[in-house]
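> starting from these lines, generate the structure:
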Amino acid sequence: MDEQRSTGTSGAGAPRAADGARSAGAAGAAGGPRIAGAAGTAAGRGGRPVTGAVTLKQVAAAAEVSLATASRVLHRSGGREVRAELAERVQAAAERLGYVSNPHAQALARARSSTVGLIVHEVTDPYFAAIAAGAMHAAHAEGVMVMMAATFRDPGLELDYLSRLRAQGARGVLLAGSAGTDPEAGARLAEAIEAFAREGGRIAAIGSRPQGTVDAVVPANAQGAAAALEHLRALGHRRIGVISGPESLLTVRERVAGLGGPRGRGLRVVASDFSRQGGYDAARELLDSRRGPVTAIVALNDLMAAGVLAAARDSGLDVPGDLSVVGFDDLPFAVDLSPALTTVALPLHRMGERAMRLLLDIADDDADDADAAAAERTTGPRTVEVPAELIVRASTGPAPQA
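Coordinates of the predicted model:
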């Protein structure tokens, strides 16, 4: 079946990989940190004073490189070479600030196992299955074993699993579930991440993280949703229903924002579960509304979209003659639905691979030298932005005539 593809508003082109890659030159062999006295008061980036014990993060900021790059230079971690110019900059910043390596923390890091954790919301959800497959593929290539756990969207369980993996000496943890919008839960998670990092563990995530404390692969949720809405409006649809997922998830908030927000012009938003039954129930609500039936429905994942198609069939509606339907994620079954589902595609398997590479701090084969240089210069957490792409199939068509 022919498909039409269009990228989201700002997601066009290849992902801007900031997760590191092959680097030209050799500097990692230039030696370990040149320690210049005890930590006291020194000048940081821009001449600002740094007081107290100098941290690796402060050295990275002063050298204007990523934390991972500074660690590779000063601790010889990651097994990758750093360009000579950047290595010299890191060494100079370490000397200027009086950075002293913490052998205890490094010993903890070296003692960590070859196991990493993968925390998802639902193991039965095809979205997380595809991400997990990509993550495990990347881990297997590095001889790393993956332990997977499901939170069932309970922030408390996420914290519990992170604590257990930390106690077991896991090398790192990949948080694959969407972050929540509760600031208190976010603060508790940030504290747990900080404690894990102090002992040499690493954390990476898929999706935006309000705390901004970890490397992350971030899909273009808002841009993908905007592309879906633009497609439906171009077909003449003005009464459009939106079936969103749990409002406590940041992913849901991003996708709804791409559609113009919960009160977007001409939109009717119904919150439901991220499941086929949730999509079915919400679709019946939209189709039976006293305000008049909608002519198109955007479901914020493909499982819900499958429920929408079932609800349309049970209501005696033709898709797309009477109702157009758009999903999100492009899960493998989307093309096999009847009719084949128009959906916003995300490269889920690739997202899992890239996130695991961030976690393990290994080169990404798809990143070019410019991407590698940009990654090394990045201060703070690294972000890989992944575009969304609208796949037009048979479930959308012109709005029915009144």
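> how much space between residue 399 and residue 382?
43 Å (C-beta to C-beta, to the nearest Å). In this view, the C-beta of every residue, glycine as well, is placed from N, C-alpha and C.
> look at these two and report which has more neighbours.
A count of neighbours by other C-beta atoms under 10 Å puts residue 382 above the other of residue 399 and residue 382, at 24 against 19.
> touching, the more buried one and residue 68? I think so.
Yes. Using C-beta atoms under 8 Å, residue 382 is in contact with residue 68, at 7.2 Å.
> could you tell me the end-to-end distance of stretch 319-339?
Stretch 319-339 has an end-to-end distance of 7 Å (C-alpha to C-alpha, to the nearest Å).
> cool, and stretch 306-323?
In stretch 306-323, first residue to last residue: 14 Å (C-alpha to C-alpha).
> same deal with stretch 56-74?
9 Å.
> so what are the sheet partners of the strand or helix carrying residue 119 and their directions?
Element membership of residue 119 [criterion: DSSP states H and E] is strand 115-120. Note on strand 115-120: by DSSP bridges, its sheet partners are strand 145-150 (parallel), strand 172-175 (parallel).
> what is the mean pLDDT for the last one?
For strand 172-175, the mean pLDDT works out to 95.
> check the longest one too.
Per-residue pLDDT values over strand 145-150 give a mean of 96.
> show me what the helix or strand just after it is in contact with.
Per DSSP H and E, strand 145-150 leads on to helix 155-167 as the next helix or strand towards the C-terminus. Under the criterion C-beta atoms under 8 Å, 6 or more residues apart in numbering, residues 117, 119, 147, 149, 151, 173, 175, 177, 180, 182, 185, 188-189, 192-193, 195-196, 199, 201 lie in contact with helix 155-167.
> one step back: elements contacting whichever helix or strand comes after the strand holding residue 119?
Remark: after strand 115-120, the chain's next helix or strand is helix 126-141, criterion DSSP H and E. Other elements packing on helix 126-141 under the criterion 3 or more C-beta pairs under 8 Å, 6 or more residues apart in numbering; DSSP states H and E are strand 115-120, strand 145-150, helix 302-314, helix 348-360.
> check contacts around the closest residue in space to residue 346 that isn't next to it in sequence.
Leaving aside its sequence neighbours, residue 346 sits nearest to residue 219 (C-beta to C-beta, 6 or more residues apart in numbering; 5.0 Å). Neighbour list for residue 219: 206, 207, 346, 351, 386, 388 [criterion: C-beta under 8 Å, 6+ apart].
> restricted to strands, list these.
206, 386 (DSSP state E).
> any figure for the gap between residue 283 and residue 314?
Counting by C-beta to C-beta - residue 283 and residue 314 are separated by 9 Å.
> circling back: of the helices and strands packed on helix 126-141, which approaches residue 230 most closely?
Residue 230 lies closest to helix 302-314 among the helices and strands packed on helix 126-141, at 17.9 Å (C-beta to C-beta).
> pLDDT weak spots in this protein?
Across the chain, residues meeting the criterion (pLDDT under 70) sit at 1-52, 76-80, 102-112, 209-213, 262-264, 363-380, 402.
> quick check: residue 342 touching residue 390?
Yes. Using C-beta under 8 Å, residue 342 is in contact with residue 390, at 7.5 Å.
> for the strands paired with strand 115-120, which one sits closest to residue 319?
Nearest of the strands paired with strand 115-120 (C-beta to C-beta): strand 145-150, 32.6 Å.
> identify all contacting residues around that closest one.
114-123, 132, 135-136, 139, 157, 161, 165, 170.
> repeat that for stretch 124-136.
Contacts for stretch 124-136 (C-beta under 8 Å, 6+ apart): 118, 120-123, 146, 148, 174, 176-177, 206, 274, 301-303, 329, 331-333, 348-356.
> angle of the strand holding residue 119 against helix 155-167?
Relative orientation of strand 115-120 versus helix 155-167 (axes from the mean of the first three to the mean of the last three C-alpha atoms, to 10 degrees): 170 degrees.
> hang on, the earlier thing: what touches both of residue 342 and residue 390?
Counting by C-beta under 8 Å, 6+ apart, the residues touching both residue 342 and residue 390 are 228, 231.
> quick one on the thing from earlier: look up how far residue 258 lies from the residue nearest to residue 346.
Distance from residue 219 to residue 258, counting by C-beta to C-beta: 11 Å.
> what do you get for residue 130?
Relative to residue 258, and taking C-beta to C-beta, residue 130 is found at 21 Å.
> and these two? Which one has more around it.
Taking neighbours as other C-beta under 10 Å, residue 130 and residue 258 compare with residue 258 leading, 25 against 21.
> OK, contacts around that one?
Residue 258 sits in contact with 8, 221, 222, 223, 224, 225, 226, 229, where contact means C-beta under 8 Å, 6+ apart.
> cool, and residue 309?
319, 325, 337, 338, 339, 341, 395.
> in this structure the third one contacts residue 395, no?
Yes. Counting by C-beta under 8 Å, residue 337 sits close enough to residue 395 to count as a contact (7.4 Å).
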